[in-house]
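Colleague: Task: produce atomic coordinates for the following.
(one chain, ligands or ions: 1)
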Amino acid sequence: MRLQRTEAIILHTFPARERDKLVVFLTPEHGKVKGYAYGARSMRTRFGASLEPLAKVRIGYVEREGEEIVRIESVDLIRSLFPAQQNLAASVAASYLAETVDTFAQSGDPAEVIYRLLDRTTEALLEGASPLRVLAYAEVWILRLAGVLPSLRNCNACDGPLGRPLRFDSGAHGFVCANCGADHAQVIANDVADVLDAIMLLPVGEFAVASVAPDALVEVRSLAAFFRRNFLGHELRAYEIVGGVIGG
Ligand SMILES: [Zn+2]
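Modeller: This is a model prediction of the structure:
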């Protein structure tokens, strides 16, 4: 039996049995963890409102040898998502962020970079950044961190350097040089390639206020969706809801 205390961000909670909750949370050192919060559904729970999706918390839990699901002992709220939930677009974006990270984060392995991505993007939503900007940023970065985003620097077919315009070849699952993609690759407009570069270079707070053409943002999101679907074999559940509420 081992007691862990760590910072964490709540990804999802599910009702479990009559009074309990099953909680999925992301930690910097141990990746994704699943735990039971006993009594969390009763009226007078010691967990209060700290077990809401995307709440940032300090959490204490007990791990037992050979058991996949831990027992949550204490949760102290560091930052609530509540203010962002007052805004429908931000609230939908937050659910989508949680699902994206839940889908790509692994259990057991350190997840410091994904944790930081989730922390900063959630903070940007709370600070009132455009939900569409924040989502495009998170979508591209999560693919990058999962090793799914093809190189923006080298040709996916011959490994030679990529110039502008960027060429996308769905058959090669990535970006190809002028030689490899001369006859069939789809030419990516330079403002779309600029958005991809900006996402890779800037912190989310700066990307949120950078000058970006709305069409280019939509194009970047559909490229990200192509790579994601290709990798997962399906689309995320919240993807269509995001389209309906936020657009893109
Ligand atoms: Zn090439």
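
Colleague: Could I have the CA atoms of the longest strand anywhere in the chain written out in PDB?
Modeller: Ranked by residue count and defined by DSSP state E, the top strand of the chain is strand 2-16. The C-alpha coordinates for strand 2-16 follow below in PDB (Å, rounded to 0.1, in the frame of the first residue of the first chain):
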ATOM      1  CA  ARG A   2       1.400   3.300  -1.000                       C
ATOM      2  CA  LEU A   3       0.100   6.900  -0.400                       C
ATOM      3  CA  GLN A   4       0.600   9.300  -3.200                       C
ATOM      4  CA  ARG A   5       0.100  13.100  -3.000                       C
ATOM      5  CA  THR A   6       0.200  15.000  -6.300                       C
ATOM      6  CA  GLU A   7      -1.200  17.800  -8.300                       C
ATOM      7  CA  ALA A   8      -3.800  16.600 -10.800                       C
ATOM      8  CA  ILE A   9      -6.400  17.700 -13.300                       C
ATOM      9  CA  ILE A  10      -9.700  15.800 -13.300                       C
ATOM     10  CA  LEU A  11     -10.600  14.400 -16.700                       C
ATOM     11  CA  HIS A  12     -13.900  12.600 -16.100                       C
ATOM     12  CA  THR A  13     -16.100  11.300 -13.400                       C
ATOM     13  CA  PHE A  14     -18.700   8.500 -13.500                       C
ATOM     14  CA  PRO A  15     -21.300   7.500 -11.000                       C
ATOM     15  CA  ALA A  16     -20.200   4.200  -9.300                       C
END
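
Colleague: Kindly state the pLDDT recorded for G248?
Modeller: The score at G248 is 58. That number is its pLDDT.

Colleague: Can you check what pLDDT the model gives the residue located most distally from the centre of the chain?
Modeller: Within the chain, the residue lying farthest from the chain centre (Cα atoms, centre = their mean) is D183, at 35.0 Å. On the pLDDT scale, D183 is placed at 81.

Colleague: Next: A178.
Modeller: At A178, pLDDT is 92.

Colleague: Give me the number of neighbouring residues for it.
Modeller: Using other Cβ atoms under 10 Å, A178 has 15 other residues around it. For every residue, glycine as well, the C-beta is placed using N, CA and C.

Colleague: G163 is in contact with that one, correct?
Modeller: Yes: using Cβ atoms under 8 Å, A178 is in contact with G163, at 6.8 Å.

Colleague: Past the helix or strand bottoming out on mean pLDDT in the chain, which element shows up next along the chain?
Modeller: Within the chain, no helix or strand scores below helix 82-85, which has a mean of 80 by mean pLDDT, DSSP states H and E. Per DSSP states H and E, helix 82-85 leads on to helix 88-104 as the next helix or strand towards the C-terminus.

Colleague: how does this structure divide into domains?
Modeller: The chain breaks down into these domains under automatic domain parsing: 2-80, 86-246.

Colleague: Serialize these to CSV and add fields for distance to the ion.
Modeller: What follows is those, written out as CSV (distance: least, Cβ to the ion, whole Å):
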stretch, distance to the ion
domain 2-80, 36
domain 86-246, 3
